[in-house]
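In: coords below, sequence missing:
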């Protein structure tokens, strides 16, 4: 493996190892306390591809839900949602709340749409 590739991988590992970030979702209270959604500061290309592919197909709402599925974690770093939860999330949850959560998570990285245009 080349030194530059190893350095690039090390940089990304360091970026992700900075710990989980979190945000409270008061509308999703659990036992009277706001739910807490944790997330990593960045996505890898595989995760981004799943989201961008849906967006490119004109499925913007599904792309937003996929972003939540890919990023939302519990305090131990385990995913809160699975791909099979997409329909439930799309049909039975408030889109404004999901958009707000995904928007807050995206605030930590460059806008993926802009990045994909370069």
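Out: That came through fine. Treat the numbers as computed from the prediction; the structure is a model and nothing was measured.

In: remind me, longest helix of this protein?
Out: Counting by DSSP state H, the longest helix found in the chain is helix 3-16.

In: sheet partners, orientation included, of the helix or strand following that helix?
Out: As assigned by DSSP states H and E, the chain's next helix or strand after helix 3-16 is strand 21-30. Partners of strand 21-30 in the sheet, by DSSP bridges, are strand 33-39 (antiparallel).

In: which other residues reach the strand it pairs with?
Out: For strand 33-39, contacts defined as Cβ atoms under 8 Å, 6 or more residues apart in numbering pick out 20-26, 28-29, 71-75, 77, 80, 101, 105, 108. Every C-beta, even on glycine, is put in place using the N, C-alpha and C of the backbone.

In: run the last query once more with 6 Å
Out: 20-26, 28, 71-73, 75, 101, 105 (Cβ atoms under 6 Å, 6 or more residues apart in numbering).

In: poorly predicted segments of this structure, please.
Out: Applying pLDDT under 70 to the chain flags residues 18, 108-118.

In: if I look at the most centrally placed residue in it, how far off is residue 41?
Out: Residue closest to the average C-alpha location in the chain (Cα atoms, centre = their mean): residue 71, at 2.7 Å. Distance check for residue 71 against residue 41: by Cβ to Cβ, to the nearest Å, it reads 10 Å.
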